[in-house]
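A.B. asks: Sequence below, structure please.
(one chain, ligands or ions: 2)
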Amino acid sequence: MAISDHVNLEQFMAGVQRRNPGETEFHQAVYEVAVDIFDFIQDKEIYHEAQILRRIAEPDRVVSFRVCWEDDNGNVRVQRGYRVQNNNAIGPYKGGLRFHKSVDQSILKFLAFEQTFKNSLTGLPMGGAKGGADFNPKGKSDNEVMRFCQSFMTELYRHVGEDTDVPAGDIGTGAREIGYMFGQYKRITNRYVGVLTGKGLEWGGSLVRTESTGYGVVYFAEDMLAQAGDDLEGKQVAVSGSGNVATFAAEKATQLGARVVTMSDSDGFVHDPGGFTQEKIDWVKRHKTHYRGRLSAYVDQFKGATFHAGERPWSVPCDIALPCATQNELGPDDARQLVANGARMVVEGANMPTTNDAVKLLREARVLFGPAKAANAGGVAVSGLEMSQNQTRMALREDELQKLLREIMRNIHSRCLAYADPRSDYIDYAKAANIAGFKKVADAMLAFGVV
Ligand SMILES: NC(=O)C1=CN([C@@H]2O[C@H](COP(=O)(O)OP(=O)(O)OC[C@H]3O[C@@H](n4cnc5c(N)ncnc54)[C@H](O)[C@@H]3O)[C@@H](O)[C@H]2O)C=CC1
Ligand SMILES: O=C(O)CCC(=O)C(=O)O
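C.D. replies: Ligands and ions are numbered 1, 2, ... in the order given. Below is the predicted model:
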């Protein structure tokens, strides 16, 4: 009899906790998937025998390295860099790089684990990885960021490659940082290949990558609404964050007729009851990306808006909540508040922004929940298209890419529906996405035998 026949969910999680002590975000992400997969594989002996879930929850490798750089005052600074390559059963490792002071092994292992299922859901051949460093770009000069990125790539280049592992951006890592890293990769290796995505358009980047995650989130929300016989017109939307994902989610929601009433950063949130128009969203993009300012300045710029220091936006009444900032930013109290205010849907733009307890409360209240691994997969999907364009040395047109992004999001929604419980009138998108994402990776792993 297979060993896993004797293991229940609690024993499985106890093993994960024992082998990964103190890595609470990683435990949380594995638990969230394991609950659903244990249900799914209950009567599927082959996955048990091959210990597939246990293997997916053990990264292929975790690389950790020292990153030394000099600040503008000539001080030597030391950071810790990582690349977590979780699983490459269905394609080269793929996933972003996060530069933020909170980065540690637990956060990157959770992100790489999640990425494995997300990339599977896109239908494109990409495995899952994530990386980054505990480097805080906030308040650093351009030259400091450049020196850090160059030093980071001086080690990372050994572990990545266009057919091996293709990193991209994430929190704190945008076009500027990708540029500095690509420049260093090219200098060290003398190779001009698609080793990173999110590149500038002049040097191998893809149109539509910048807006793809945020737009994709709203497309997924649109498909969820359509499934329920509704649309975005006139809906009140609360967005958190004011970075790449948040601003483009706000933009697409506004274009599709919704009214976005909040945005936030780590200092607090802005409530603009009049709604974030395109002009206001453009101001936020410029202010945050180019001037690297704080969102609180919004209220000096636009009348009628208020800034709520140290608070999250979930107390503002809305039909749809789009958490687009960071992990665990929507907890049980926030979920209760959203339910009390009559919210119909929570759709995740950030990775794991909703705690497991909050998801449970939303489910119980029958609030539709779009999980990150499905809803925010548009970004990595267009990264996949950037990889194809780099390999063929061809560039797709903007209209082609916009159409492909829309189709990919619709297909992800359909893949979820295929695993929804036909006996229930509530679509559990989180469970369906976990099963759909798992099955493709698991079947590929079975084909490879025990490796
Ligand atoms: N950029 C992309 O293509 C993708 C990003 N994501 C996820 O979306 C989320 C946001 O990423 P990006 O927009 O790319 O990053 P970004 O660096 O452009 O923006 C991050 C935003 O979150 C805010 N933030 C960070 N920590 C916060 C905190 N503790 N409280 C409140 N706000 C906080 C920042 O102020 C900023 O507005 C992350 O969870 C990321 O993993 C997911 C899929 C793809
Ligand atoms: O485009 C990519 O490879 C990165 C996307 C990412 O990091 C994510 O989906 O969380």
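
A.B. asks: Give the other helices and strands that the helix or strand hosting residue 217 contacts.
C.D. replies: Applying DSSP states H and E as the criterion places residue 217 in helix 209-227. Judged by 3 or more Cβ pairs under 8 Å, 6 or more residues apart in numbering; DSSP states H and E, helix 209-227 is in contact with helix 244-255, strand 320-323, strand 345-347, strand 368-370, helix 372-375, helix 378-392, helix 398-418. Glycine gets a C-beta too; all of them are placed from N, C-alpha and C.

A.B. asks: With mean pLDDT and distance to ligand 2 added, can I get those in a markdown table?
C.D. replies: Converted to a markdown table, the helices and strands packed on helix 209-227 look like this (pLDDT from 0 to 100; distance: least, Cβ to the nearest ligand atom, whole Å):
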| stretch | mean pLDDT | distance to ligand 2 |
| --- | --- | --- |
| helix 244-255 | 98 | 9 |
| strand 320-323 | 98 | 14 |
| strand 345-347 | 98 | 15 |
| strand 368-370 | 98 | 14 |
| helix 372-375 | 98 | 8 |
| helix 378-392 | 98 | 3 |
| helix 398-418 | 98 | 12 |
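
A.B. asks: Including distance to residue 236, could those go into CSV?
C.D. replies: Below are those laid out as CSV (distance: least, Cβ to Cβ, whole Å):
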stretch, distance to residue 236
helix 244-255, 10
strand 320-323, 7
strand 345-347, 11
strand 368-370, 15
helix 372-375, 19
helix 378-392, 23
helix 398-418, 22
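
A.B. asks: Is ligand 2 within reach of the helix holding residue 217?
C.D. replies: No: Helix 209-227 lies out of reach of ligand 2 by Cβ under 6 Å from any ligand atom, never closer than 6.9 Å.

A.B. asks: C-terminal to that helix, what's the next element?
C.D. replies: Beyond helix 209-227 toward the C-terminal end (DSSP H and E), the next one is strand 236-240.

A.B. asks: Wait, residue 177 touches residue 96, no?
C.D. replies: No: the pair residue 177 / residue 96 is not scored as a contact, 10.6 Å apart, by Cβ atoms under 8 Å.

A.B. asks: More neighbours: which of those two?
C.D. replies: Legend: neighbour count by other Cβ atoms under 10 Å for residue 177 and residue 96, higher for residue 96 (26 against 23).

A.B. asks: Got the phi and psi for the residue nearest to the more buried one when sequence neighbours are not counted?
C.D. replies: Spatial nearest neighbour of residue 96, excluding adjacent residues (Cβ to Cβ, 6 or more residues apart in numbering): residue 170 at 3.2 Å. As for residue 170, its main-chain torsions (degrees, to the nearest 10) stand at phi -170, psi -160.

A.B. asks: Which of the helices or strands spans residue 270?
C.D. replies: strand 268-271.

A.B. asks: How about the helix or strand just after that strand and ligand 1, touching?
C.D. replies: Counting by DSSP H and E, the next helix or strand C-terminal to strand 268-271 is helix 278-285. No: judged by Cβ under 6 Å from any ligand atom, helix 278-285 makes no contact with ligand 1; its nearest approach is 9.0 Å.

A.B. asks: now the angle from helix 278-285 to helix 244-255?
C.D. replies: Helix 278-285 and helix 244-255 meet at an angle of 180 degrees, taking axes from the mean of the first three to the mean of the last three Cα atoms, to 10 degrees as the criterion.

A.B. asks: Just the mean pLDDT for helix 278-285, thanks.
C.D. replies: The average of the pLDDT scores along helix 278-285 is 98.

A.B. asks: Show me which positions of the helix or strand of the chain with the lowest mean pLDDT end up buried.
C.D. replies: Least confident helix or strand of the chain, by mean pLDDT, DSSP states H and E, is helix 45-49 with a mean of 92. Buried residues in helix 45-49, counted by 16 or more other Cβ atoms under 10 Å: 47, 48.

A.B. asks: mind exporting it as PDB, just the C-alpha atoms?
C.D. replies: Coordinates of each C-alpha in helix 45-49 appear next as PDB, following Å, rounded to 0.1, in the frame of the first residue of the first chain:
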ATOM      1  CA  GLU A  45      -4.900   6.100  -6.400                       C
ATOM      2  CA  ILE A  46      -2.300   7.000  -9.000                       C
ATOM      3  CA  TYR A  47      -1.600  10.500  -7.600                       C
ATOM      4  CA  HIS A  48      -1.300   9.000  -4.100                       C
ATOM      5  CA  GLU A  49       1.200   6.400  -5.100                       C
END
